[in-house]
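Asker: Prediction below, plus the sequence it came from.
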Amino acid sequence: MAISKAHREFNEQLEKGVRSLVRRDSRIRDLKRLHGTPTFRPHGDYFGTLVSSILSQQISGSAAETIKKRVVAVAGGLSDPTVFGSIPDERLRGCGVSGQKVGYIKSLAEHVLDDRLNLKRLPKLPDEEVVAALTDVKGIGVWTAKMFMMFSLGRLDVLAFEDLGVRHGARIAYGLGEMPGRAQLEELAEANRWSPFRSIACWYMWRATEPVEA
């Protein structure tokens, strides 16, 4: 299958980032040997990703997948804001979606449909404006916005210090006595020269939490 110019350029930057981090940071070099190159790639299903993120909030992965399958069966997918703007609340609640999350999804659909949130413009905005635009939607916080920038927009210099997995991975990888907070994680990123590839470093911190097969 042919690969687009944008994806080819992203892959080149990703590989450049991995090479750079491996040279600068011995812990990431070790993690790269174990886990290879990051697997995330930018994509265009922005609305579906945000709906999926809302559905997954504060429940287990398996429960989230079950609910998503039910919602897909009812709505015909997760990617059409028009459908979610008009579908009755009770149909979503019948899928196991809490009333609060139904409100969040409806808010997201309304923001997109009335153009308060222009999803097509997000790739052109700086990080701070992406976060501001997304967190204007009820139920979307800074953590979700950062995950969106990393995994949907393919931004390679996002430091997700809010993420417990990143913090836990940093504690393991760097032999810290306790989970680092924001300030300590920022200091660690600066000391090991993660920028401008902090998203890649975060990916390796997530890998650091995974058990290593003998």
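Answerer: The structure has been received and is ready for your questions.

Asker: where do the helices sit along this protein?
Answerer: 5-24, 26-35, 46-56, 61-75, 81-86, 89-93, 99-113, 127-135, 142-151, 164-173, 182-191, 198-208 (DSSP state H).

Asker: Of all these, which one is nearest residue 157?
Answerer: helix 198-208 (5.1 Å; CB to CB). Backbone N, C-alpha and C define where each C-beta goes, glycine included.

Asker: Outside of that closest one itself, list whatever touches it.
Answerer: 14, 17-18, 21, 25, 27-28, 31-32, 34-35, 38, 40, 149-150, 155-160, 163, 165-170, 172-173, 189, 192, 194 (CB atoms under 8 Å, 6 or more residues apart in numbering).

Asker: Mind checking which of those are buried?
Answerer: Burial by neighbour count, judged by 16 or more other CB atoms under 10 Å, picks out 14, 17-18, 21, 25, 27-28, 31-32, 35, 38, 149-150, 155-160, 163, 166-170, 173, 189, 192, 194 from the contacts of helix 198-208.

Asker: Output the below-cut-off pLDDT ranges for the protein.
Answerer: Residues of the chain that meet the criterion pLDDT under 70 lie in 1-3, 213-214.

Asker: From the centroid of it, which residue is nearest?
Answerer: residue 147 (2.0 Å; CA atoms, centre = their mean).
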